[in-house]
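Peer 1: Just to be clear, the model below is a prediction. Sequence and coordinates:
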Amino acid sequence: MKKVMLLLLMSLSLVAFAQKGGTNDILFTKSGEIIQGKVMKVTSSTISFSYPGETLVNEIAASNLQKIVFSSGRTQNFGGASSGTAVKTPVSPGAQTAQEPLTTTIPKEEIYLGPEDDTAVVNNNRLAVTPMTFKINGQYSKEISGQATKFATDYLSRKNQSLPIEVQEMGITIRKLVDGGIGFQQLSQTTVQKLQNVLGSEYLVMIEITETNQKAETPKADTGFFDVQKEKASSSDSNQRYDIEVILYGNGGAEKYSAKFSNERSFNSSNGSSSKSDWKMAMQYVLDQILTSGSL
């Protein structure tokens, strides 16, 4: 019974220590050292991190780590000893230096600090624009969908200079989706959290655009004495409407911002006053709303 209580107390102490780290990630080495900091990059051979309050990037070999407990609560294991690992308790400044620091032992069992998913490391300062859907009169346009996705990615990358957000290049986003087995057909059926893990991005921007073109209606003939005479529409007059729906997702798949925007205009198709890239003006307005919404 005493052993059970001792293990329980040590587990609670370890959880309290992890929570004390706040927004820091915690690296557990196989030698027993505990490092608090911010993990910047994880590869198969090295882990790059910075100490709290510093910008200098340090590296540690992945073979020297037992696990990383990220500030989000997710745990990534690198393999450890079969028995418990000794952890040195930091000595307070007023303690005698000659005294040997106390040691505790991490139980073999994992400490649960939240949902665990080891498929990828999510960068909390990265934003990715998922391949968007652009439909013209109900028909999907692959060409303009690609153009619109690149336009949104480049625009956010240029305009977010005052925010600590890294916008991921469209080519990298596409490659990660392909490597993760997520094609265009599977994109709409994939959960936001899985997309975040595959893309390694905390923020996801999803946009759908619908363009509708139709001939302007010709006013009906006047039927009463007091009817106001209206100018009849030309056979070449057309109406063009853009409906844009945008959703910004944050950490854990939570919806941070959403909006629907419609823009309608009339033009005369005979003089070529309509442009194939008119959607860019509407897109810029929607993207500006994301940047100024305070959700990033």
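Peer 2: Good, I have the coordinates. Predicted model, so just to flag it, every value in this text is computed and none were measured.

Peer 1: which parts of whatever helix or strand Ile172 lives in are buried?
Peer 2: Taking DSSP states H and E as the definition, Ile172 sits inside helix 170-179. For helix 170-179, a neighbour-count test (16 or more other C-beta atoms under 10 Å) marks Met170, Thr173, Lys176, Leu177 as buried. (Each C-beta comes from the backbone N, C-alpha and C, glycine too.)

Peer 1: Hmm, Thr149 and the last one touching each other?
Peer 2: No: using C-beta atoms under 8 Å as the test, Leu177 is too far from Thr149 to be in contact (11.6 Å).

Peer 1: can you pull out the helices in the chain?
Peer 2: 2-20, 142-159, 170-179, 184-187, 192-199, 279-292 (DSSP state H).

Peer 1: Could you give the number of residues near Ala61?
Peer 2: Look at Ala61: counted by other C-beta atoms under 10 Å, it has 11 neighbours.

Peer 1: any idea how far it lies from Gly294?
Peer 2: From Ala61 over to Gly294 the distance is 40 Å, taken as C-beta to C-beta, to the nearest Å.

Peer 1: Same check on Val198?
Peer 2: With C-beta to C-beta as the criterion, Val198 and Gly294 are 27 Å apart.

Peer 1: Among these two, which residue is more densely surrounded?
Peer 2: Using other C-beta under 10 Å, the more surrounded residue of Val198 and Gly294 is Val198, with 21 against 7.

Peer 1: The more buried one and Ala128, how far apart?
Peer 2: 10 Å.

Peer 1: do Thr292 as well
Peer 2: Taking C-beta to C-beta, one finds Thr292 at 20 Å from Ala128.

Peer 1: cool, Leu248 as well?
Peer 2: 11 Å.

Peer 1: Which one of those two is surrounded by more residues?
Peer 2: Taking other C-beta under 10 Å, Leu248 and Ala128 do not tie; Ala128 has more neighbours (27 against 21).

Peer 1: does the more buried one really touch Gln168, like I thought?
Peer 2: Yes: using C-beta under 8 Å, Ala128 makes contact with Gln168 at a distance of 4.4 Å.

Peer 1: what do those two both touch?
Peer 2: Leu199, Ser201 (C-beta atoms under 8 Å, 6 or more residues apart in numbering).

Peer 1: Name the nearest residue to Gln289, sequence neighbours excluded.
Peer 2: Distances taken as C-beta to C-beta, 6 or more residues apart in numbering put Ala259 closest to Gln289, at 5.9 Å, once the chain neighbours are dropped.

Peer 1: and the one you found, how many neighbours?
Peer 2: 14.

Peer 1: Quick one: residues contacting it.
Peer 2: Contacts of Ala259 (C-beta under 8 Å, 6+ apart): Glu245, Val246, Val286, Gln289.

Peer 1: so what's the closest residue to Ser141 other than its chain neighbours bridging to?
Peer 2: Nearest non-adjacent residue to Ser141, counting by C-beta to C-beta, 6+ apart: Phe134, 5.1 Å away. Note on Phe134: beta-bridge partners Ile209, judged by DSSP bridges.

Peer 1: residues in contact with Phe134?
Peer 2: Counted by C-beta under 8 Å, 6+ apart, Phe134 has contacts Tyr140, Ser141, Ile144, Ser145, Ala148, Ile209, Glu211, Trp279.

Peer 1: let's see 7 Å
Peer 2: Ser141, Ile144, Ser145, Ala148, Ile209 (C-beta atoms under 7 Å, 6 or more residues apart in numbering).

Peer 1: now, among these, which is nearest to Gln186?
Peer 2: Ser145 (15.8 Å; C-beta to C-beta).

Peer 1: surely that closest one meets Met132?
Peer 2: Yes: if you go by C-beta atoms under 7 Å, Ser145 and Met132 touch, sitting 5.9 Å apart.

Peer 1: neighbour count winner among those two?
Peer 2: Neighbour tally, Ser145 and Met132, criterion other C-beta under 10 Å: the higher count belongs to Met132, 25 against 19.

Peer 1: how close does that one get to Tyr257?
Peer 2: Plainly put, Met132 is 16 Å away from Tyr257 if you go by C-beta to C-beta.
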